[in-house]
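Trainee: coords please:
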Amino acid sequence: MKNYIFLCLTFVSVFSLDSYSQQSKVNSGDKKYNNYAYVDAIKTYEKVANKGYKSEEMFKKLGNSYYFNSDFEGAAKWYSELFAMSSNIEPEYYYRYAQSLKSIGDTAKANKILDEFDTKNSNDNRAKLYKEDVNYLEQIKANSGRYNIENAGINSKYSDYGSFVYNNKLYFASARDTGNFSQRKHKWTGEYFTNIYDADVDPATYTASKVNKFKNALNSKFNEATPVFSKDGKTAYFTRNNFVDGKKGKDANKITLVKLYKATLDSKGQWTNIAPLSFTSDNYSTAHPALSPDGKTLYFASDMPGTVGQSDIYKVSINADGSYGTPENLGKTINTEGKETFPYVTDDNEIYFASDGHPGLGGLDVFVGDIDSDGTISNIQNLGADINSPKDDFAYFIDPVSRLGYFSSNKDGGLGSDDIYKFLETRRLKCIQELSGIITDIATNEILPGAKVTLYENQVIKATTTADDTGLYKLPVDCKKTYNVRAEKQDYETKEVSVTIDKVSGKTDLPIALTKRMCRVTVGDDLGKCFGIKMIYFDLDKSNIRPEAALDLEKILAVLNDYPAMKLDIRSHTDSRASHQYNEGLSDRRAKSTIQWLIKNGIKADRLTGKGYGETQLVNKCSDGVPCTEEEHQMNRRSEFIITAL
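Mentor: From the prediction side, this is the model:
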């Protein structure tokens, strides 16, 4: 763009989880449970942990139970216990611990943990998003080759730029000579001031013809540009030098800046009530309006107080009574220390804009970003080398259905200082991906219909769905982003997994297998299997309870306290690598030692029986004289807690 547009038209330069600790309330008389008892293993873990026992697996589950319920203080407590025990922990726990610490205000420690997370899992971009330098030239190359572009056919040897289509007419600004001797020229450029023009548009091809000067009160003897119209066509917003009722407004330096103006269409088809918008000022510029699809928000460029760079993009609400809210800067994800200007918003919640602050090819480039549900701008991308050039490229407009549109540029090969180009977008820039998978039981591979699946990005819920009758879930996702996917189902442990979506359109498959959270047991079942208790450990050839044995017995104790009618037969077994008599005696002493520990901790003796079986009930071939591995012998060394009554 020529300097006069920067200086006079756009100020200086154009501007939950079901908690692990939630006990299932089961009515013992409910027939649908067939008199089964349900034991919540996680609740038991918490009771045991509060008694001072330590276990990595236990602390992981307890930390997760709080984390998944957004109780970050509790999560930080148990993750702290986990990290105090070991540094050899899966990377995901570093991320969860750091997020928990940040949520409770311990940012310094959180950053330290995130540094370790980045070291352990460099492929995961959550920990250090800003560490990675994006190769913007590769992105521009990948985004190129998507347009068919040609001269719009309405350009003059002067500056023609800006475009908005309404009712099959293209509206734009032009400095072309109309042959009128009274036309005023800009002192700095020698070109005529810009006025608003229109041209007929073929809606099928966007071919423009029959250019006419917009002959009404919107045009004055100074600069006008970039008009937009409300859907009913009765309201126009446009850019004009600070000039109304024959008077020029000037700032403290006696410079006439630009303002946003509004006009209304009367019953005779005349534009009236032309006035600057209430939030404009003589001391800063506002320019280049764009309306949201619902007409309730006006986007524009300005250098008003609070601007990050030379010009920023703002939005302001349009109230039902015609008044305006407080202008809001769109933030540093879109606005830079450079120039951001010429916004345009689509029905797809995309915002197109021109910038020289984001990585580009030179001058102003056109970019697109997503308008998120909270109004923030994300996923900003350069449109590529078809639209953009080493010169100024700006004022992008696209029809969201036909993908036909216009943009302006002063690139080489044009007729004037700025020209309008017509384009057809042949391939969408927006990468479309679908995330899907089957939810199953990890032990049985049984499908789990009705499982709740939630998609998170940086701890913010992006989408939620339910697995269908085949166990299948589907979620829309953005390419190249990393998400956490959380699957929940009653009686199952909630599981959360991280997934990074591919950079091209397609589908990402993410099956999730869930583990039963509740132990369903009845008479004859081994209660120890609920907690993975394979054996109670004793010192060699002794029957004294060791510390790690006490940890497991605390789990059994907690269940017996929760279910006072439950009775157990405690059985101790050995392998065959000693005499039959010795093994039977040792195992019997150990069974009785286990019973005594439970009685000492408050369990009535009449609820407990027990016996040592030595090597009489081997679970494999490893009897006397049969060669076996250590692992095979280990299978026979086991402790059982058989339920005899409920």
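Trainee: In the stretch 401-550 of the chain, what residue spans correspond to helices?
Mentor: 547-562 (DSSP state H, counting those that start in this stretch).
Trainee: I meant to write the chain there.
Mentor: Counting by DSSP state H, one finds helices in the chain at the ranges 3-4, 41-50, 56-67, 72-85, 91-103, 107-120, 136-142, 547-562, 580-600, 630-636.
Trainee: Distance to Thr515, mean pLDDT and mean neighbour count for those - can I get that in CSV?
Mentor: Where you see a C-beta, it was placed from the backbone N, CA and C, and this is true even at glycine. Shown next, in CSV, are those (distance: least, C-beta to C-beta, whole Å; pLDDT from 0 to 100; neighbours: other C-beta atoms under 10 Å):
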stretch, distance to Thr515, mean pLDDT, mean neighbour count
helix 3-4, 67, 36, 16
helix 41-50, 10, 82, 20
helix 56-67, 11, 84, 22
helix 72-85, 19, 90, 19
helix 91-103, 16, 80, 22
helix 107-120, 24, 81, 16
helix 136-142, 41, 71, 14
helix 547-562, 17, 88, 20
helix 580-600, 27, 89, 18
helix 630-636, 22, 81, 14
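Trainee: Let me have those in JSON lines, extended by distance to Ile377.
Mentor: Compiled in JSON lines, the helices of the chain are given as follows (distance: least, C-beta to C-beta, whole Å):
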{"stretch": "helix 3-4", "distance to Ile377": "29"}
{"stretch": "helix 41-50", "distance to Ile377": "41"}
{"stretch": "helix 56-67", "distance to Ile377": "29"}
{"stretch": "helix 72-85", "distance to Ile377": "27"}
{"stretch": "helix 91-103", "distance to Ile377": "23"}
{"stretch": "helix 107-120", "distance to Ile377": "24"}
{"stretch": "helix 136-142", "distance to Ile377": "17"}
{"stretch": "helix 547-562", "distance to Ile377": "51"}
{"stretch": "helix 580-600", "distance to Ile377": "62"}
{"stretch": "helix 630-636", "distance to Ile377": "57"}
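Trainee: Tell me which of these lies nearest to Lys611.
Mentor: Comparing these by their distance to Lys611 (C-beta to C-beta), the top pick is helix 580-600, with 5.7 Å.
Trainee: Keeping just the C-alphas, turn the closest one into PDB.
Mentor: Extracted in PDB, the C-alpha atoms of helix 580-600 (Å, rounded to 0.1, in the frame of the first residue of the first chain):
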ATOM      1  CA  HIS A 580       6.800 -81.600  52.500                       C
ATOM      2  CA  GLN A 581       6.700 -81.500  56.200                       C
ATOM      3  CA  TYR A 582       8.700 -78.400  56.500                       C
ATOM      4  CA  ASN A 583       6.700 -76.500  54.000                       C
ATOM      5  CA  GLU A 584       3.400 -77.400  55.600                       C
ATOM      6  CA  GLY A 585       4.600 -76.300  59.000                       C
ATOM      7  CA  LEU A 586       6.100 -73.000  57.800                       C
ATOM      8  CA  SER A 587       3.000 -72.100  55.800                       C
ATOM      9  CA  ASP A 588       0.700 -72.900  58.700                       C
ATOM     10  CA  ARG A 589       2.700 -70.600  61.000                       C
ATOM     11  CA  ARG A 590       2.500 -67.800  58.500                       C
ATOM     12  CA  ALA A 591      -1.300 -68.200  58.000                       C
ATOM     13  CA  LYS A 592      -1.700 -68.100  61.800                       C
ATOM     14  CA  SER A 593       0.600 -65.100  62.100                       C
ATOM     15  CA  THR A 594      -1.500 -63.300  59.500                       C
ATOM     16  CA  ILE A 595      -4.700 -64.000  61.400                       C
ATOM     17  CA  GLN A 596      -3.100 -62.800  64.700                       C
ATOM     18  CA  TRP A 597      -2.100 -59.500  63.000                       C
ATOM     19  CA  LEU A 598      -5.700 -58.900  61.900                       C
ATOM     20  CA  ILE A 599      -7.100 -59.800  65.400                       C
ATOM     21  CA  LYS A 600      -4.500 -57.500  67.000                       C
END
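Trainee: The helices of the chain: which one's closest to Phe394?
Mentor: Across the helices of the chain, the minimum distance to Phe394, taken as C-beta to C-beta, is reached by helix 3-4, at 14.4 Å.
Trainee: thinking again about what came up before, please name whichever of the helices of the chain is nearest to Ser278.
Mentor: Taking C-beta to C-beta, helix 3-4 is the member of those nearest to Ser278, at 28.0 Å.
Trainee: so where's the chain uncertain?
Mentor: Residue ranges of the chain with pLDDT under 70: 1-41, 68-70, 99, 103, 123-137, 177-192, 243-254, 256, 362-363, 537-543.
Trainee: what about 50?
Mentor: Flagging of the chain using pLDDT under 50 yields the residue ranges 2-35, 125-135, 179-182, 185-190.
Trainee: center of it, which residue is that?
Mentor: With distances taken as C-alpha atoms, centre = their mean, Glu457 lies nearest the centre of the chain, 2.9 Å away.
Trainee: And that residue, how far from Phe117?
Mentor: Plainly put, Glu457 is 17 Å away from Phe117 if you go by C-beta to C-beta, to the nearest Å.
Trainee: Phe164: which of the helices of the chain is closest?
Mentor: Checking these against Phe164 by C-beta to C-beta gives helix 3-4 as the closest, at 21.3 Å.
Trainee: which residue of this structure sits farthest from its center?
Mentor: Relative to the C-alpha centroid of the chain, counting by C-alpha atoms, centre = their mean, Gln581 is the outermost residue, at 64.9 Å.
Trainee: roughly how far apart are that residue and Ala175?
Mentor: Distance of Gln581 to Ala175, given as C-beta to C-beta: 110 Å.
Trainee: And for Thr482?
Mentor: Taking C-beta to C-beta as the criterion, Thr482 is separated from Ala175 by 48 Å.
Trainee: just Leu404 next, same as before
Mentor: Leu404 is 26 Å from Ala175, by C-beta to C-beta.
Trainee: Between the two, which is the more surrounded one?
Mentor: Neighbours were tallied for Leu404 and for Ala175 using other C-beta atoms under 10 Å; the higher tally belongs to Ala175 (28 against 21).
Trainee: distance of Asn167 from Ser378?
Mentor: Using C-beta to C-beta, Asn167 is found at 33 Å from Ser378.
Trainee: Between the two, which is the more surrounded one?
Mentor: In this view Asn167 and Ser378 are compared by other C-beta under 10 Å, and Ser378 has more residues nearby, 14 against 9.
Trainee: Identify the residue nearest that one in space, chain neighbours excluded?
Mentor: Counting by C-beta to C-beta, 6 or more residues apart in numbering, the nearest residue to Ser378 once its immediate chain neighbours are dropped is Asp370, at 5.1 Å.
Trainee: The one you found against Glu350, yeah?
Mentor: Yes. Counting by C-beta atoms under 8 Å, a contact exists between Asp370 and Glu350, whose distance comes to 6.3 Å.
Trainee: ok, longest strand in the chain?
Mentor: When the chain is parsed with DSSP state E, its longest strand is strand 432-441.
Trainee: Which elements pack onto that strand?
Mentor: strand 472-478, strand 482-488, strand 506-509, strand 512-514 (3 or more C-beta pairs under 8 Å, 6 or more residues apart in numbering; DSSP states H and E).
Trainee: For it, give me every contacting residue.
Mentor: Contacting residues not belonging to strand 432-441 are listed as 446-449, 451, 453, 455, 467, 470-479, 483, 485, 487, 489, 492, 499, 501-502, 505-514, 516 [C-beta atoms under 8 Å, 6 or more residues apart in numbering].
Trainee: Just want the angle from it to strand 472-478.
Mentor: Strand 432-441 and strand 472-478 meet at an angle of 150 degrees, taking axes from the mean of the first three to the mean of the last three C-alpha atoms, to 10 degrees as the criterion.
Trainee: For burial, what's the neighbour tally of Pro400?
Mentor: The burial metric for Pro400, expressed as a neighbour count using other C-beta under 10 Å, is 11.
Trainee: sorry, that was for Asp374
Mentor: As a burial measure, the neighbour count of Asp374 was computed by other C-beta under 10 Å and equals 7.
Trainee: Could you report the distance from it to Glu328?
Mentor: Counting by C-beta to C-beta, the gap from Asp374 to Glu328 is 12 Å.
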